[in-house]
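J.: Sequence and predicted model, in that order:
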Amino acid sequence: MTTETSPPDYGAARAALLAGPGPAGRPRRAALARLTDDWLAGLLAAAGGPPGVALVAVGGYGRGELSPRSDLDVLLLHDGRLDPDLPERIWYPVWDAGAALDHSVRTVAEARSVAAADLKAQLGLLDARHLAGDQALTAALRSAVLTDWRASAPARLPELRDLGRERAERHGELSFLLEPDLKEARGGLRDAVALNAVAATWLADAPRDGLDAAALRLADVRDALHLATGRATERLGLQDQDQVAERLGVLDADTLLRKVYEAARTIAYASDVTWRAVDRVLAARSGRGRRAARPAFPFTGAGRGAGAVARGTVARRPLAEGVVEQDGEAVLAQGARPAADPVLPLRAAAAAAQNGLTVSYATVRRLAAECRPLPVPWPDEAREQLVTLLGAGEAAVPVWEALEAEGLVTRLLPDWERVRCRPQRNAVHRWTVDRHLVETAVRAAAMTRRVARPDLLLVAALLHDIGKGWPGDHSEAGEVIVRDIAARMGFGPEDTETLAVLVRHHLTLVDTATRRDPDDPATVEAITKVVGTAAQLELLHVLTEADALATGPAAWSGWRASLVDGLAARVAARLAGAYAAPVEAAPTAGQERLAVEAARTGGPALSLLAQSEGADPGAEPMGVELTLAVPDRPGLLGTVAGVLALHRLAVRSAGLRELDPIGAGPVLLLSWRVAAEFGELPEAARLRADLRRALDGSLDVARRLAERDAAAPRRRGIPTPPPVVAVAPAVASATATVLEVRAHDAPGLLHRIGRALDGAGVRVRTAHVSTLGAEAVDSFYLTDGAGRPLAAGRAGEVAAAVRAALG
């Protein structure tokens with residue numbers, strides 16, 4: 001590589017290389033580095049090139065690639081016997097040629113000392129490459145630097161991670177910026193270099209699939225930016241994007257940004273995975289790793305390894321069927337069967353997010369490789385798990401990013417591909433279209449207590465801009481798309497219509513509130529024509545706010561909020577007479593038979609019917625329809641709910657009604673749809689026996705639940721909005737007081753509500769219980785002992801008692 005004479009004109013040769021028709025990208029960077037290598041080697045030879053001296057390229061130049069306007073990072077290494085005039089004989093020709101030079105003169109010992117004190121200098125030396133002179137000296141430096149780096153890794157790696165975080169705070173996330181810094185922003189070229197430095201420690205390595213290609217893409221864009229601007233800039237400014245796109249042969253600036261964003265996301269995700277691996281290794285070395293222990297309580301009904309402890313030393317705690325926690329991540333249980341369980345990706349994602357975890361890299365890879373696509377329409381569980389994932393709020397974001405990195409999001413929602421990494425050229429927007437949708441769902445998750453259908457709110461938030469990228473008005477295009485998506489997800493016609501209204505009109509409320517006279521009756525009339533019910537209005541109201549908050553600080557203000565709230569209040573008043581109470585279906589013949597049996601025997605009568613979802617003949621039971629008829633008695637709802645909680649059965653929906661089948665007194669009929677939290681469903685005989693024991697008083701349900709909760713290890717969990725307990729307007733029912741409860745679902749939630757109502761001395765005449773994703777939306781029709789609605793003051797006391805029970 002070295003030569004004895006300097007090329008006659010480095011500047012001319014360099015200009016010809018950059019302007020010539022030859023290959024661009026990595027080949028051109030390598031050719032420029034070779035040209036520069038030969039020039040510097042010639043300069044050293046011309047300066048005398050004494051023994052005990054070497055020229056060494058470091059940093060980006062050391063990696064053998066030079067962008068058109070990159071600095072030359074060069075170290076003049078010597079053995080301590082250096083002619084003091086030698087450095088200037090080399091550096092002055094470089095400066096005279098107009099090259100940007102970052103230089104230093106050191107011995108091996110001095111270089112090691114500087115590296116020990118300066119992490120950035122140490123990172124540059126990791127890429128040291130011999131240019132000319134004493135090769136043994138360069139080899140000694142490389143060996144010493146690598147040895148020092150590996151020895152100091154436990155202390156240096158946290159420092160390296162902190163540097164990355166500081167850069168991200170200063171420069172933002174490359175994946176979402178309209179004018180990104182290709183080098184310093186999160187997901188940029190600096191992060192790619194940091195990943196190589198981590199790999200050099202031998203402690204952890206980054207996921208390599210697509211990583212090199214992503215770094216090459218950013219480097220190619222950087223080259224084109226240097227040539228288009230003639231400056232050593234790293235910021236891809238708006239005014240330069242068209243020229244850069246043209247140089248790269250890309251369709252337009254938007255396509256350029258999408259390619260940049262995709263590359264940045266690959267690097268950012270690889271960084272996240274790598275730093276979690278580093279944390280695990282360092283924790284294990286310091287003795288802080290999670291060690292296996294005997295489970296603190298039996299996993300009732302758990303099967304196929306759900307409560308098992310992995311071989312070795314790492315504890316595994318069950319999260320959901322087929323999903324456990326290990327080392328702070330959600331992983332697949334030993335008995336999980338991805339090929340036979342198409343809902344598993346969503347179940348794993350929801351379980352991870354609800355517990356404040358992410359899904360491990362290996363798990364996401366396996367799910368992507370082995371799981372079959374969901375059937376159409378989706379099973380109910382798949383839709384519920386998606387809503388549960390979205391309902392986790394901020395905790396859902398890293399989980400969503402992991403799914404997206406392996407292509408699972410577009411497999412679930414093919415229409416997502418058009419909005420993925422799509423830039424929004426509007427100063428108000430701070431995110432790409434797809435991330436804005438996720439952020440809107442995050443904002444909506446904090447507002448679920450304000451609506452009766454949190455599942456529709458979260459799905460509408462995720463899809464409200466799904467029409468962007470199609471010709472025409474994105475709201476109109478989105479309405480068409482969301483009707484198709486809702487049908488594929490398994491929503492019924494009424495819910496599909498609501499989702500379509502929300503997507504089509506997600507801007508209508510704010511536009512009308514800010515552009516029309518609020519006192520003009522026509523303004524209210526315009527909204528009532530869009531939303532026909534109070535339920536749709538409250539969904540649209542919350543979606544409007546979540547959308548604006550997720551857009552950016554300029555999109556929502558106190559003034560806008562007051563206008564939207566005022567208009568929504570006027571429309572709500574217009575719709576006040578449209579309150580629709582739940583419609584009771586007539587009891588089935590089977591329910592009537594159970595009621596007659598209970599009335600005649602004076603004891604409980606029940607039936608259990610297992611349900612299976614999916615077309616596979618051997619499909620696992622996904623839930624149980626439990627119907628229970630019992631002569632009316634105090635505390636019945638809380639007692640039955642407590643037994644189900646003891647058996648780790650999650651209540652998906654429930655109904656309570658009163659019958660008098662033979663004129664011998666009221667019989668309460670409870671209809672439940674429940675599913676196992678994880679593992680297999682309990683045996684029907686055991687469930688029946690525990691229900692009878694609880695009803696006759698021989699099983700203290702409350703004590704058993706309290707003991708189990710006290711023995712259970714505390715989970716990290718996620719922040720959730722506080723529960724809302726409210727008395728519905730009197731128009732909700734003429735014969736009972738309606739108490740509405742909206743809360744984050746948790747084991748034993750309905751048991752606590754039932755005990756509070758029993759303790760308050762009121763009768764539950766009818767109940768409608770729904771679990772939508774991870775949110776419980778319940779209505780209880782209450783009367784006093786004489787069967788009358790509660791007085792206003794008494795209703796307030798009952799609401800306060802329930803609120804206190806929910807903590």
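T.: That came in fine, so what should we check first? Quantities reported herein were computed from a predicted structural model and do not represent experimental measurements. Numbers count the residues shown, from 1 in each chain.
J.: low pLDDT regions in the chain?
T.: When the per-residue scores of the chain are filtered using pLDDT under 70, the ranges that remain are 1-8, 288-314, 577-584, 610-623, 664, 679, 712-716.
J.: does the residue sitting nearest the centre point of it count as helix, strand or coil?
T.: By Cα atoms, centre = their mean, the chain has its centre lying nearest to V397, at 2.2 Å. Following DSSP: H, G, I helix; E, B strand; the rest coil, the label given to V397 is helix.
J.: What ranges does the stretch 401-550 of the chain have for its helices?
T.: When assigned using DSSP state H, counting those that start in this stretch, the helices of the stretch 401-550 of the chain occupy the ranges 408-412, 416-419, 433-445, 454-463, 474-489, 493-504, 508-515, 521-530, 534-551.
J.: which of those helices is buried the deepest?
T.: When you average the neighbours per residue for each of the helices of the stretch 401-550 of the chain (mean count of other Cβ atoms under 10 Å), helix 454-463 leads with a mean of 27. (C-beta placed from N, C-alpha, C; glycine too.)
J.: ok, back up a step: so the residue nearest to the centre of the chain makes contact with R443?
T.: No. Look at V397 against R443 with Cβ atoms under 8 Å: they stay out of range, at 11.7 Å.
J.: hey, C-alpha coordinates of the helix or strand hosting A801 in PDB?
T.: Per DSSP states H and E: A801 is located in helix 792-805. Included here for helix 792-805 are C-alpha records, laid out as PDB according to Å, rounded to 0.1, in the frame of the first residue of the first chain:
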ATOM      1  CA  ALA A 792     -79.300  10.700  45.400                       C
ATOM      2  CA  GLY A 793     -77.300  11.000  48.600                       C
ATOM      3  CA  ARG A 794     -77.400   7.200  49.100                       C
ATOM      4  CA  ALA A 795     -76.200   6.600  45.600                       C
ATOM      5  CA  GLY A 796     -73.300   8.900  46.200                       C
ATOM      6  CA  GLU A 797     -72.300   6.900  49.300                       C
ATOM      7  CA  VAL A 798     -72.400   3.600  47.400                       C
ATOM      8  CA  ALA A 799     -70.300   5.100  44.600                       C
ATOM      9  CA  ALA A 800     -67.800   6.300  47.200                       C
ATOM     10  CA  ALA A 801     -67.700   2.800  48.800                       C
ATOM     11  CA  VAL A 802     -66.900   1.200  45.500                       C
ATOM     12  CA  ARG A 803     -64.300   3.800  44.700                       C
ATOM     13  CA  ALA A 804     -62.600   3.100  48.000                       C
ATOM     14  CA  ALA A 805     -62.700  -0.700  47.300                       C
END
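J.: which other helices and strands contact that helix?
T.: Contacts defined by 3 or more Cβ pairs under 8 Å, 6 or more residues apart in numbering; DSSP states H and E place helix 792-805 against strand 724-727, strand 737-744, helix 749-759.
J.: F678 is nearest to which of the ones you listed?
T.: helix 749-759 (17.5 Å; Cβ to Cβ).
J.: Please identify the buried residues of the closest one?
T.: When neighbours are counted by 16 or more other Cβ atoms under 10 Å, the buried residues of helix 749-759 are found to be 749-758.
J.: quick one: contacts for the closest residue to V387 other than its chain neighbours?
T.: Leaving aside its chain neighbours, V387 sits nearest to G773 (2.9 Å; criterion: Cβ to Cβ, 6 or more residues apart in numbering). Contacts of G773 were listed using Cβ atoms under 8 Å, 6 or more residues apart in numbering, and they are 350, 384-391, 454-455, 458.
J.: mind giving me JSON lines with the helices of the stretch 401-550 of the chain and columns for distance to S607?
T.: Formatted as JSON lines, those follow (distance: least, Cβ to Cβ, whole Å):
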{"stretch": "helix 408-412", "distance to S607": "36"}
{"stretch": "helix 416-419", "distance to S607": "42"}
{"stretch": "helix 433-445", "distance to S607": "37"}
{"stretch": "helix 454-463", "distance to S607": "28"}
{"stretch": "helix 474-489", "distance to S607": "30"}
{"stretch": "helix 493-504", "distance to S607": "29"}
{"stretch": "helix 508-515", "distance to S607": "47"}
{"stretch": "helix 521-530", "distance to S607": "44"}
{"stretch": "helix 534-551", "distance to S607": "33"}
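J.: between the ones you listed, which gets nearest to T36?
T.: For the helices of the stretch 401-550 of the chain, the distance to T36 is smallest for helix 433-445, at 39.8 Å, taking Cβ to Cβ.
J.: helices and strands around that closest one, which ones?
T.: For helix 433-445, the helices and strands in contact under the criterion 3+ Cβ pairs under 8 Å, 6+ apart are helix 380-390, helix 396-405, helix 416-419, helix 454-463, helix 534-551.
J.: cutoff 6 Å now
T.: When contacts are defined as 3 or more Cβ pairs under 6 Å, 6 or more residues apart in numbering; DSSP states H and E, helix 433-445 sits against helix 454-463, helix 534-551.
J.: Do a quick rundown of the strands in the stretch 51-200 of the chain.
T.: Read by DSSP state E, counting those that start in this stretch, the stretch 51-200 of the chain holds these strands, from start to end of the chain: 53-57, 72-78, 101-107, 129-133.
J.: Each with direction, which strands does the second one pair with?
T.: The reference is to strand 72-78. For strand 72-78, the paired strands and their directions (DSSP bridges) are strand 53-57 (antiparallel), strand 101-107 (parallel).
J.: and if you look at the last one?
T.: Strands adjacent to strand 129-133 in the sheet, as given by DSSP bridges, are strand 53-57 (antiparallel).
J.: How far off centre is the partner strand?
T.: The gap between the average C-alpha position of strand 53-57 and the chain average comes to 47 Å, counting by Cα atoms, centre = their mean, to the nearest Å.
J.: Stretch 729-745 now?
T.: Distance, stretch centre to chain centre, for stretch 729-745: 34 Å (Cα atoms, centre = their mean).
J.: got the end-to-end distance for that stretch?
T.: Taking Cα to Cα, to the nearest Å, stretch 729-745 runs 25 Å from one end to the other.
J.: How about it, which residues are buried there?
T.: Buried, per 16+ other Cβ under 10 Å, within stretch 729-745: 732-733, 736-745.
J.: Then stretch 195-212?
T.: Going through stretch 195-212 with 16+ other Cβ under 10 Å, the ones that come out buried are 195-198, 200-201, 203-207, 210-211.
J.: And for stretch 210-220?
T.: Counting neighbours by 16+ other Cβ under 10 Å, one finds that the buried residues in stretch 210-220 are 210-211, 214-220.
J.: what sits up against it?
T.: 25, 182, 189, 192, 263, 266-267, 270 (Cβ atoms under 6 Å, 6 or more residues apart in numbering).
J.: Apply 10 Å and report the result again.
T.: Residues from elsewhere that reach stretch 210-220, judged by Cβ atoms under 10 Å, 6 or more residues apart in numbering: 24-26, 28-29, 60, 65, 67, 174, 180, 182-183, 187-189, 191-193, 195-196, 234, 236, 244, 247-248, 259-260, 262-271, 274, 405.
J.: before we move on, the earlier item: would you mind giving the helices and strands packed on helix 792-805 as a markdown table with distance to H130 added?
T.: Compiled in a markdown table, the helices and strands packed on helix 792-805 are given as follows (distance: least, Cβ to Cβ, whole Å):
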| stretch | distance to H130 |
| --- | --- |
| strand 724-727 | 69 |
| strand 737-744 | 61 |
| helix 749-759 | 68 |
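J.: re the thing from before, what's the closest of the helices of the stretch 401-550 of the chain to V376?
T.: Nearest to V376 among the helices of the stretch 401-550 of the chain is helix 474-489; the distance by Cβ to Cβ comes to 5.1 Å.
J.: Packing partners of the closest one?
T.: In terms of contacts (3 or more Cβ pairs under 10 Å, 6 or more residues apart in numbering; DSSP states H and E), helix 474-489 is packed against helix 380-390, helix 408-412, helix 416-419, helix 454-463, helix 493-504.
J.: before we move on, the earlier item: can you put the buried residues of stretch 210-220 in CSV and add distance to L499?
T.: Written out in CSV, the entries for these read as follows (distance: Cβ to Cβ, whole Å):
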residue, distance to L499
G210, 34
L211, 38
A214, 35
A215, 40
L216, 41
R217, 37
L218, 38
A219, 43
D220, 41
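J.: Closest one to A645 out of those, please.
T.: Out of these, the one with the shortest distance to A645 is G210. That distance is 45.0 Å, counting by Cβ to Cβ.
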